[in-house]
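Asker: Take this sequence and fold it.
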Amino acid sequence: MKFNAIVQRIESLPPLSNATVFVQRLYKEGAENVDIIKLVRIIESDALLTLNILKMINAPIYGFSRKIASIAQAVTLFGTEIIYGLVMNYSIMEALKANTSSYGISSSEFNDVCHLQSALMMQWYSKVDLRHAQFLAPLALVMEAGKLILVKEIASSDYVKEFKRGLKECSSIEDYEYSLLDTTSYYVSGMLFEHWNLEPLYVDMLKGLDFKHDDGFKMEYYIDTLHVVRTAVNVKDILTDESIEKACLLVEEMNLDVEHFKNVAKRIKETHEKFTKH
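Answerer: Below you'll find the predicted structure:
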């Protein structure tokens, strides 16, 4: 399994759907400048995209007591940033359909991880800085996309059993990925975003998660925030007591309110466990 093969696989990927490309263009001048009427029309022009967004936002994790029945209602309740993330999530997942069992997790569980990461980011960090939370929550929703590329490389190699065994035993998923693949899934996510001309700052953050560069305090703080979320929720540990405690140590290092983070993480965990048991 070589890095060049991963690059070639990404370069061979087709563009995202037409509706997604049109949505991207609306966001070029920033989420705060998006024409909401155009956004709703573009999403509703794609029936499958519409159905899947409504399905996602009506999931128990988002905590709405009544059903959200339209895209216009969704935009009003969630804001343009989260809707952007949901559009990207659906489009990327459709483009990269893959069997995630190499990571010891089903496709449904992988999808849960993505949504739990976004929910944790939004509900935790909105108390710290609402504007930054709105910017980071959509990224948290799609930052695991690189794993969908790596599982295809793993499946086509002779290392499937070795990878699964090593993943169970490793203490750091990212270090283990790098030892076998010369890269990490988050760096690959950055490459995917670059390939599809998505938000450049998202590209820099994803590439910097495991390979930090001196890009200034603001970028480092964004990256540290994403690291907290992926520590608490990941394909090996979905809001376990241990992963929450590890994340709390990182929150403490950032001089943020540890109790608030812990309470949010445990609340999301309880909601998730309540509905996955049924």
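Asker: roughly how far apart are the residue of the chain most remote from its centre and Ser171?
Answerer: What lies farthest from the middle of the chain is Asp158; by Cα atoms, centre = their mean that is 28.4 Å. According to Cβ to Cβ, to the nearest Å, Asp158 stands 25 Å off from Ser171. Where you see a C-beta, it was placed from the backbone N, CA and C, and this is true even at glycine.
Asker: ok, now Leu116?
Answerer: For Leu116, the distance to Ser171 (Cβ to Cβ) stands at 21 Å.
Asker: Neighbour count for those two, which is higher?
Answerer: Remark: of Leu116 and Ser171, Leu116 carries more neighbours, 24 against 7, as counted by other Cβ atoms under 10 Å.
Asker: Hmm, Asp237 and that one touching each other?
Answerer: No: Leu116 is beyond contact range of Asp237, at 11.1 Å (criterion: Cβ atoms under 8 Å).
Asker: Please save the CA atoms from stretch 259-269 in CSV.
Answerer: C-alpha atoms of stretch 259-269 as CSV (Å, rounded to 0.1, in the frame of the first residue of the first chain):
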residue,chain,number,x,y,z
GLU,A,259,-17.0,20.2,33.1
HIS,A,260,-19.0,21.7,30.3
PHE,A,261,-17.4,19.5,27.7
LYS,A,262,-17.9,16.4,29.8
ASN,A,263,-21.5,17.2,30.4
VAL,A,264,-22.2,17.8,26.7
ALA,A,265,-20.3,14.6,25.7
LYS,A,266,-22.2,12.4,28.2
ARG,A,267,-25.5,13.9,27.2
ILE,A,268,-24.8,13.1,23.5
LYS,A,269,-23.6,9.6,24.5
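Asker: okay, and for this structure, where does confidence drop off?
Answerer: Along the chain, the model assigns pLDDT under 70 to residues 1, 63, 213-217, 277-278.
Asker: Give the buried residues for stretch 25-38.
Answerer: 26-27, 31, 34 (16 or more other Cβ atoms under 10 Å).
Asker: Among these, which pair sits farthest apart?
Answerer: Farthest-apart pair in these is Leu26 and Ala31; separation 9.1 Å (Cβ to Cβ).
Asker: I'd like the distance between the nearest residue to Thr50 once chain neighbours are set aside and Lys236.
Answerer: Closest residue in space to Thr50, ignoring its immediate chain neighbours: Glu44 at 5.4 Å, by Cβ to Cβ, 6 or more residues apart in numbering. To Lys236, Glu44 is 38 Å away according to Cβ to Cβ.
Asker: Pretty sure Asp158 sits in a strand.
Answerer: No: assigned with DSSP: H, G, I helix; E, B strand; the rest coil, Asp158 falls outside any strand and is coil.
Asker: Which element is encountered next along the chain beyond the helix or strand encompassing Gln8?
Answerer: Gln8 is located in helix 3-11, with elements delineated by DSSP states H and E. Heading C-terminal from helix 3-11, the first helix or strand you meet, by DSSP H and E, is helix 18-26.
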